[in-house]
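Novice: make a model of this:
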Amino acid sequence: MIGRIIWLAALLALALITGAAQIDRQARVTPSLANAVPEPFRGFAQARIAARAIAGEDTARALAEAKRLVARRPIPAEHLRLLAAAQIEAGLIEESAVTVQVAARRGWRDAPSQQAMLRLALAAGDRPEAARRYAALLVASRTEEALLEELGALVFAEPDESARATFAEIVAAGERWHDYYLRRAARVMPPATMVDVTEAAIADGARFDCRAVDLATGQLTRRDPEAGKQFADLFSTAC
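Specialist: Sure thing, here's the model as predicted:
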């Protein structure tokens, strides 16, 4: 009899845990369910709760909920971004900068983290680091092209050449993304900058597919005829 009771109790506990886990997962797409998840089982739900708290006016609660989220699920860069936002709201600027750096290292393709790091680098006058973050944003397909245009104008502003030099090194070293670089940079980078970067990358040993070059030349020429001509001249022998 006692064994049967224990067995039934175990089944009930398993059902409760399974149900809580299912509700937690559903909270990803239905935020209103977040509060229905028992506190010990909140994972996805905790992210929703933290985001709501950050959008509110209670900065202490927002910080507590964000810390709880990171303690439970420390790996996703998105969770660290929420913690950084809560820290900023609480006036913990230095702490938030460190959190953003960790998030950016952890989520190289996490566009919001990279954008935050890029802006921090610009504010600190570190244009080479800003160029590295711009490269991360450029290869992330979800990054909006309008944002890349805006940031490109800031990162590669004259007369500082350090960002262009750093970006050219990245392009030259990344053989597997040469075609993608040409295709996307021709649409979003400052035209003169793309010419300079490509020229420096070629000097550093980069080789580009001629079909990709032709497509990029057309895109660049539509934006800036003079830059398009200069770009085409870079490949007058190779292509």
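
Novice: what distance do you get for the spatially most central residue of the chain to R187?
Specialist: Of all residues in the chain, the one closest to the mean position by Cα atoms, centre = their mean is A111, 1.7 Å from it. Using Cβ to Cβ, to the nearest Å, we find A111 at a distance of 17 Å from R187. All C-beta spots, glycine's among them, are computed from the backbone N, C-alpha and C.

Novice: list the residues that contact A206.
Specialist: 171-172, 175, 178, 198 (Cβ atoms under 8 Å, 6 or more residues apart in numbering).

Novice: these: which two are farthest apart?
Specialist: Spatial extent of these (Cβ to Cβ) is set by the pair E175 and T198 at 14.1 Å.

Novice: ok, those two, which is more surrounded?
Specialist: T198 (28 against 12; other Cβ atoms under 10 Å).

Novice: ok, the more buried one touching F231?
Specialist: Yes: if you go by Cβ atoms under 8 Å, T198 and F231 touch, sitting 6.6 Å apart.

Novice: ok, E129 - how many residues close by?
Specialist: So E129, with other Cβ under 10 Å, has 19 neighbours.

Novice: the residue lying closest to it once chain neighbours are set aside and P128, how far apart?
Specialist: Counting by Cβ to Cβ, 6 or more residues apart in numbering, E129 lies nearest to A121, which is 4.0 Å off, once chain neighbours are set aside. As judged by Cβ to Cβ, A121 and P128 stand 8 Å apart.

Novice: ok, back up a step: using TSV, lay out the contacts of A206 together with pLDDT, secondary structure and distance to A45.
Specialist: Converted to TSV, those look like this (pLDDT from 0 to 100; DSSP: H, G, I helix; E, B strand; the rest coil; distance: Cβ to Cβ, whole Å):
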residue	pLDDT	secondary structure	distance to A45
V171	93	helix	42
A172	92	helix	46
E175	79	helix	43
H178	92	helix	43
T198	96	helix	48
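
Novice: A77: which of the residues you listed is nearest?
Specialist: V171 (24.6 Å).

Novice: which residue is the nearest non-sequential neighbour of the closest one?
Specialist: Per Cβ to Cβ, 6+ apart, closest to V171 is A201, 4.2 Å.

Novice: report the contact partners of the one you found.
Specialist: A201 neighbours (Cβ under 8 Å, 6+ apart): 168-169, 171-172.
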